[in-house]
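**Student:** Below is the sequence, then the predicted model.
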Amino acid sequence: MSLTPILEETLIKRSQQKKRTSPLNYKERVFVLTQSKLTYYELRAEKRVRKGSVELNRIKCVEIVRTNSTIIPCQNKYPFQVVHDSTMLYIFAPSNESRSVWVQNIKEEIRNNAEIAAKFHPQFWQEGEWMCCGQLDKMAPGCEGYNLFGDGK
């Protein structure tokens, strides 16, 4: 497995809100995709500080988030989600083109994963519910069929 970056870009990550009382915030992070990991870093005075990493073989779904009328409170307006283990990362790209490149490259890298989701939530988990289907359990099964190489719309 190569450590050579496939993609590298400054994107915005939404906090994962692992605890009910965690604040919802958005932070710039340098994301690096290699053949084995998606890693994100905080940039501090020209030095990278690793903030998190996801092994690609643990990713079950990567897809564009449909926003409908949802207001996105950060400068990057093009969200996508990376679902892994029992949580998801919401990542915001600066353009539709950037988002498409990230989604397609990650999909290509996970195409042979043992566990790909059969269903996913096409909209955000926000304020205690799924915006797409209204389910109140964050771990509720997805409400829409997932096709790894579908159109993502």
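**Tutor:** Structure received. Numbers count the residues shown, from 1 in each chain.
**Student:** Now do the buried residues in stretch 63-77.
**Tutor:** By neighbour count on 16 or more other Cβ atoms under 10 Å, the buried set for stretch 63-77 is Glu63, Ile64, Val65, Arg66, Ile72, Asn76. Bear in mind the C-beta positions are built from the backbone N, C-alpha and C, glycine included.
**Student:** What distance separates the opening and closing residues of it?
**Tutor:** 15 Å (Cα to Cα, to the nearest Å).
**Student:** Averaged pLDDT, it. What do you get?
**Tutor:** For stretch 63-77, mean pLDDT is 86.
**Student:** cool, and stretch 97-110?
**Tutor:** Taken as a whole, stretch 97-110 has a mean pLDDT of 98.
**Student:** contact partners of that stretch?
**Tutor:** Contacting residues not belonging to stretch 97-110 are listed as 6-7, 9, 11, 31, 33, 35, 38, 56-57, 59, 62-64, 78-80, 82, 91, 93, 116, 148-149, 152 [Cβ atoms under 8 Å, 6 or more residues apart in numbering].
**Student:** 10 Å - rerun?
**Tutor:** 6-7, 9, 11, 31, 33-38, 54, 56-65, 76-82, 84, 91-93, 95, 116, 148-150, 152 (Cβ atoms under 10 Å, 6 or more residues apart in numbering).
**Student:** ok, of these, which come out buried?
**Tutor:** Among these, those buried by neighbour count (16+ other Cβ under 10 Å) are 6-7, 9, 11, 31, 33-34, 37-38, 54, 56, 58-65, 76, 78-82, 84, 91-93, 116, 148, 152.
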